[in-house]
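# Sequence and predicted structure, then a few things I'm wondering about:
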Amino acid sequence: MGFTEKQETLVKESWEVLKQDIALFSLRFFSLILEIAPGAKNMFSFLRESEEIPQNNPKLKAHAVKVFKMTCESAIQLREKGQVVVGETTLKYLGDVHVKSGVIDPHFEVVKEALLRTVEEAVGKDKWNEEMKGAWAEAYDQLASAIKVEMNTNPPASS
């Protein structure tokens, strides 16, 4: 059936809500990642050296914004092209970074859960529903798939 216009609209509208307080939702996103998987802390260079999640860390905010924005862009691409199309150099970079950080499949699920819970909190219980959850989940899954393909194309060099 493909990604519908309504799904794309749901993702875009909720992205607009996220952007209104992106610092707060970025912090919440990483708090949820660490709540779900405390061991993930060491996978993020900007969290490794800190005992707590730094409130005003520009790298934390930038990383969260990238995840939110790329997922939103994935929704638009799924609607327009039927697939996620990430620039080759960006995709190669994402694959390399995720391989070097030791990311494996279950980590993508942790990020997905944190993403969905963050969006849910941002839009509120009144607007959050299964349809919106499904739209964000599908967009994220397709983006994660593209990154995983690139990770498998360029496995880490053996020592």
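Yep, it's here.
# rest of the way, CA atoms for contacts and neighbours
Fine.
# Give me the residues contacting the host helix or strand of K148.
According to DSSP states H and E, K148 maps onto helix 130-153. Counting contacts by Cα atoms under 8 Å, 6 or more residues apart in numbering, the residues outside helix 130-153 that touch it are 3, 7-8, 10-11, 70-72, 74-75, 78, 83-84, 86, 91-92, 94-96, 98-99, 108, 112, 116, 120.
# try 6 Å this time
Q7, L10, T71, S74, A75, G95 (Cα atoms under 6 Å, 6 or more residues apart in numbering).
# and that helix, average pLDDT?
Confidence for helix 130-153, expressed as mean pLDDT, is 90.
# just how off-centre is that helix within its chain?
Centroid displacement of helix 130-153 relative to its chain, using Cα atoms, centre = their mean, to the nearest Å, is 9 Å.
# Neighbours of G2, how many?
11 (other Cα atoms under 10 Å).
# Distance check, the residue lying closest to it once chain neighbours are set aside against V11.
Of all residues not flanking G2 in the chain, G82 sits nearest, at 6.4 Å (Cα to Cα, 6 or more residues apart in numbering). G82 sits at a distance of 16 Å from V11 (criterion: Cα to Cα, to the nearest Å).
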